[in-house]
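*Asks:* okay, sequence plus prediction incoming.
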Amino acid sequence: MPLLTDSQIDHALGSLPGWARDGNALVRQFTFRSFPEAVAFVNRLVPHAEAADHHPDLLVSYRRVTVRWSTHSDGGITEKDVAGARMADQESAAGG
């Protein structure tokens, strides 16, 4: 899958509030009311990531979940990562 250009990444970030570029990844921290809600969010991501065969790096810290999307096999950010960020936003809203 082709890497996105800096311009394409900036454009995508314009429609992804809360997301930022960190090197070769799209990153966002989600905060929930409780640890179980944070874990439930992660569990909602799993089937989508498995179906897409594209998996984010996840860090769970009590009520916070940091989601980091990067297409490691291609060495940067691709459309898969943008789609993953959108999916994470949808799943975050679904649980709230």
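*Replies:* That came through fine.
*Asks:* give me the beta-bridge partners of residue 60?
*Replies:* residue 65 (DSSP bridges).
*Asks:* which stretches in the protein count as strands?
*Replies:* Assigned by DSSP state E, the chain shows strands spanning 20-22, 25-31, 57-61, 64-69.
*Asks:* who are the packing partners of the second one?
*Replies:* If I follow you right, that is strand 25-31. helix 6-13, strand 20-22, strand 64-69, helix 79-95 (3 or more Cβ pairs under 8 Å, 6 or more residues apart in numbering; DSSP states H and E). For every residue, glycine as well, the C-beta is placed using N, CA and C.
*Asks:* mind listing what's buried along the lowest-mean-pLDDT helix or strand in the chain?
*Replies:* Ranking every helix and strand in the chain by mean pLDDT, DSSP states H and E puts helix 79-95 at the bottom, with a mean of 95. By neighbour count with 16 or more other Cβ atoms under 10 Å, helix 79-95 contains the buried residues 80-82, 84-85, 87-89, 91-92.
*Asks:* with that, I have no additional questions.
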